[in-house]
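**Student:** need the 3D shape of this:
(2 chains)
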There are 2 protein chains.
Amino acid sequence: MAVNSCHCFLHSQFATLSSPSLASTRRLSSPSRNRITCTATPPPPSSSMEEGRRKLMEFPYVPAPVRDLMVDLISTVDNRLESQLHPCTLPLDVQYYENTTGNSQASLQIRRGQDSSPIDYILESWIHSKLPTGGDLNITSLLVNMNSSTDAPNFLTELIQPSPTSVIIILDLPPRKDPVLYPDYLHTFYESTQLDTYRQKLEKLPEVKPYLSPSLYVRSVFSPTVIMFSVETETGDSARMEEIVRSHLIPVFKDVLGIWLNQCTCGGREVGETEKAYLKKRDSLVRIKSIEIDLESSFPRLFGPELASRVVSEIRKVLSSGS
Amino acid sequence: MAVNSCHCFLHSQFATLSSPSLASTRRLSSPSRNRITCTATPPPPSSSMEEGRRKLMEFPYVPAPVRDLMVDLISTVDNRLESQLHPCTLPLDVQYYENTTGNSQASLQIRRGQDSSPIDYILESWIHSKLPTGGDLNITSLLVNMNSSTDAPNFLTELIQPSPTSVIIILDLPPRKDPVLYPDYLHTFYESTQLDTYRQKLEKLPEVKPYLSPSLYVRSVFSPTVIMFSVETETGDSARMEEIVRSHLIPVFKDVLGIWLNQCTCGGREVGETEKAYLKKRDSLVRIKSIEIDLESSFPRLFGPELASRVVSEIRKVLSSGS
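**Tutor:** Below is the predicted model:
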């Protein structure tokens, strides 16, 4: 139940943030930035920015293999894309926040792409929460959303770990066009890249079961090759879980990220005005619908209504700052 | 392997036939009908039409509960929609056909909707084939496709039974709009109808496992509530399989058909010209892409190249006869 609700939450966090539609023409460096940021907490100085990023990369509550996986993925993305990104401008108390009881902590980084980049923004986060049942819930996420200068798919990965012997994994290149209406798109990004072989590889593990989001809208947002599994090892056998992460998940996650980096961030997918309008509309709907579905309802459960409201508001602000 | 190839085939049969786009303005009763049918075998006389339909309803090779299920579904559809349909005009040797070795037989009925109906066509079929491995493969199908006077989802059911203790079931209301771009559509037909509860009910059975089509395009065509499972009972326990069909599948299939009949065939979903063009384009793409994927490659394996070519050609003809 807790997993489900957090799963929803995380999905909505991603889905909510998955639309570049309001953010593709004006960027942090444009005059509009001042108009927006001057109404709220000013952006943190650079030492604070480093502090926020350092906190993110600690992944202090997850088992070592999960930390290694996330640090590896984020570092790989940084190596390839950092020069195209603005630094995170979230206020420091949104880059790291915790609830009043100290039961829930989170680290959040959002970096917007520069005007010349096809990246709309990159979101990285971890959330740690002590469950009422006594266990610990850990959620780690990396999302890269493209802007409407390209129709290339986004990149999404998320690990939701409600106990050391249980994890829900999500790894996908969420399409930005209806695959039914654009079969060539499906062929280019999903068929010719053999993405489904990675899903097939993981589904063979005896501890792996298919997992479906409770939200039909969230299900619709994923690609037909989405890796969305629940992995459970015997109670107490956290060693086997660590082995699964190291020997099976890490290679697959790294390969899929590699495919995305090579296929989706290297240009060649420029779009015309009509298509741009289509992408903006579709991306925007994903954001609006996802906020409606669960972002505003799930955050308060983890962090209390006030902090939740502040975090959601700052996320909204930074995402609309380029619009 | 045989199941997979037939599964592809059946999918393509459905998907191929799932577009009303070329068929929404001219119907069998229009002058264009003569122009088309006069170039081929003339339509069968009414006694032959009855013979073709009788042959279909026999479902002579499947276990009794599967026959009862199919007869029940088809009779229910007939009671509600028959007055809106033209009779099947396929040549008699396409309404029932078998290969030269006598290993594979099939019955096929396609009835087009009348001009005033939102139904584009109804396709009903069974296929029986002796597998090289010695077993029998049975595939039974019912597909109702809407025309572009409405945006309501289609109805699709298929049972693929490669042995008495194994069946792949597909039951869906394939959406005709991108659910990501049309969240209200998702809400109307899939969320508010609680369609997912039927999927949840069946997935609880210990013999049930999720099943994915090998084709990414086919996966994309289904709704997020699609019931697509492989059901396997212990070797030799065909009694348990029959019990599953009677006690679990039949009630779910009947309820889902009831939801579709009530929500999708009763009007109230008329669409404007722009939306009509969108529906025609999307439906048409499903047909074109599905032919490309596997119809023309799978039919020959079951029925030999000549008969396959004739059947596919007649199917194409009857579907384009209203275009």
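
**Student:** pick out the residue nearest the middle of chain A.
**Tutor:** Nearest residue to the geometric centre of chain A (CA atoms, centre = their mean): residue A:143, 2.9 Å.

**Student:** using the three-state scheme, assign that one.
**Tutor:** Per DSSP: H, G, I helix; E, B strand; the rest coil, the local secondary structure of residue A:143 is strand.

**Student:** which stretches of the stretch 51-200 of chain A form strands?
**Tutor:** A:96-98, A:104-112, A:119-130, A:136-146, A:155-163, A:166-172 (DSSP state E, counting those that start in this stretch).

**Student:** now render the ones you listed as JSON lines, adding mean pLDDT and distance to residue A:187.
**Tutor:** In short, each C-beta sits where N, CA and C put it, glycine included. Converted to JSON lines, the strands of the stretch 51-200 of chain A look like this (pLDDT from 0 to 100; distance: least, CB to CB, whole Å):
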{"stretch": "strand A:96-98", "mean pLDDT": "95", "distance to residue A:187": "43"}
{"stretch": "strand A:104-112", "mean pLDDT": "95", "distance to residue A:187": "31"}
{"stretch": "strand A:119-130", "mean pLDDT": "94", "distance to residue A:187": "24"}
{"stretch": "strand A:136-146", "mean pLDDT": "94", "distance to residue A:187": "19"}
{"stretch": "strand A:155-163", "mean pLDDT": "94", "distance to residue A:187": "19"}
{"stretch": "strand A:166-172", "mean pLDDT": "97", "distance to residue A:187": "17"}
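
**Student:** rewinding a little: these two touch, right, the residue nearest to the centre of chain A and residue A:154?
**Tutor:** Yes. Look at residue A:143 against residue A:154 with CB atoms under 8 Å: they come within range, at 6.9 Å.

**Student:** excluding its backbone neighbours, what's nearest residue A:153?
**Tutor:** residue A:173 (3.9 Å; CB to CB, 6 or more residues apart in numbering or on different chains).

**Student:** and the pLDDT at the one you found?
**Tutor:** Per-residue confidence (pLDDT) for residue A:173: 98.

**Student:** gap between it and residue A:156?
**Tutor:** Distance, residue A:173 to residue A:156, by CB to CB, to the nearest Å: 8 Å.

**Student:** can you name the residues of the stretch 151-300 of chain A sitting close to chain B?
**Tutor:** Contact residues, the stretch 151-300 of chain A versus chain B (CB under 8 Å from any CB of the partner chain): A:178-181, A:183, A:186, A:190-191, A:196, A:210, A:216-217, A:219-221, A:224-225, A:281-282, A:285-286, A:289.

**Student:** low-confidence stretches in the stretch 1-150 of chain A?
**Tutor:** Along the stretch 1-150 of chain A, the parts satisfying pLDDT under 70 run over A:1-46, A:48.

**Student:** so which helix or strand takes in residue A:255?
**Tutor:** Taking DSSP states H and E as the criterion, residue A:255 maps to helix A:250-264.

**Student:** residues of that helix that come out buried?
**Tutor:** Buried residues in helix A:250-264, defined by neighbour count with 16 or more other CB atoms under 10 Å in any protein chain shown: A:250, A:252, A:253, A:256, A:257, A:259, A:260, A:261, A:263, A:264.

**Student:** okay, the residues you listed in TSV with pLDDT next?
**Tutor:** Output for the buried residues of helix A:250-264, formatted as TSV (pLDDT from 0 to 100):
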residue	pLDDT
A:250	97
A:252	98
A:253	98
A:256	98
A:257	98
A:259	97
A:260	98
A:261	97
A:263	93
A:264	94
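
**Student:** export those residues to TSV and tack on distance to residue B:83?
**Tutor:** Putting the buried residues of helix A:250-264 into TSV (distance: CB to CB, whole Å) gives the following:
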residue	distance to residue B:83
A:250	61
A:252	54
A:253	56
A:256	52
A:257	57
A:259	53
A:260	53
A:261	58
A:263	52
A:264	52
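
**Student:** if we can go back for a sec, if we ignore the residues flanking it in sequence, what's nearest the residue nearest to the centre of chain A?
**Tutor:** Spatial nearest neighbour of residue A:143, excluding adjacent residues (CB to CB, 6+ apart): residue A:123 at 4.5 Å.
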